[in-house]
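Visitor: here's a sequence, model it:
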Amino acid sequence: MMDLFSQTGDALPNLLPCDGIVEYHGPILGLAEADTYLERLRRDIAWRHDEAVIFGKRIITKRQVAWYADDAFSYTYSKTTKTALKWPALLLDLKHLVETACGETFNSCLLNLYSDGSEGMSWHSDAERELVKNGTIGSMSFGAERKFALKHKVTKTTVAQRLEHGSLLTMKGETQTHWLHSIPKTKQVNSARINLTFRQIRPPVA
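Guide: So this is what the prediction gives:
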């Protein structure tokens, strides 16, 4: 495992010019360890093709997803609701790694599996009612390097970052309020990418 603090003791630069904080930590795992996690994630996670309701019609996507958390939390996006599975040891290991790297605590993780560059994610913000408002999202990437794009909702300013194998990116503060983000499709990528987005879900009120 790479030394998370080997580069500098300074704060990471903010990729955004205003209205939020996005920090790219770069790879936080060595290549061999990242390769091992990629193989285990593909094999051991309970992947399912995602669903969305668009103009009243239910669509099954090529992209596959999985949802894990401390408890059987419900999470609704794209007008569909998912119920979380309990953490496997594999994800708890990665959660601890991400929490150590960014100094935050997470209680859930939404995973995405893109088989190649023909699968992506359109412009959106992660501001669903179940999420802690202005909470941090820790996004870890494995496999194919992909472009992560951000666009300001008002000014349309755009920012982009290449997400490397074994890397971590965090979104903080008012990022979801003011910015959209996406994973553009590309014909240049022919291999799979797995993305783990560690999140802070508001536990239901008893």
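Visitor: which SSE is immediately downstream of the helix or strand hosting residue 24?
Guide: Taking DSSP states H and E as the criterion, residue 24 maps to strand 21-27. Heading C-terminal from strand 21-27, the first helix or strand you meet, by DSSP H and E, is helix 31-44.
Visitor: same for that following helix, what does it pack against?
Guide: Other elements packing on helix 31-44 under the criterion 3 or more C-beta pairs under 8 Å, 6 or more residues apart in numbering; DSSP states H and E are helix 89-102, strand 137-143, strand 193-199. In this view, the C-beta of every residue, glycine as well, is placed from N, C-alpha and C.
Visitor: contacts made by the longest one with the rest, please.
Guide: Under the criterion C-beta atoms under 8 Å, 6 or more residues apart in numbering, residues 1, 4, 23, 25, 28-29, 37, 40-41, 44-45, 68, 87, 104-106, 109, 136, 138, 140, 168, 170, 196, 198 lie in contact with helix 89-102.
Visitor: repeat for the last one
Guide: Where contact means C-beta under 8 Å, 6+ apart, the residues beyond strand 193-199 that reach it are 38, 41-42, 91, 94-95, 98-99, 106-114, 126, 131, 135, 137-146, 163, 183.
Visitor: centre of the chain to it, how far?
Guide: The chain centroid and the centroid of strand 193-199 are separated by 4 Å, computed with C-alpha atoms, centre = their mean, to the nearest Å.
Visitor: pLDDT averaged over the strand holding residue 24 - what is it?
Guide: In this model, strand 21-27 carries a mean pLDDT of 98.
Visitor: right, and the helix or strand after the worst-scoring helix or strand of the chain on mean pLDDT?
Guide: Every helix and strand of the chain was ranked by mean pLDDT, DSSP states H and E. The lowest is strand 48-54, at a mean of 76. Note on strand 48-54: by DSSP H and E, the next helix or strand toward the C-terminus is strand 57-69.
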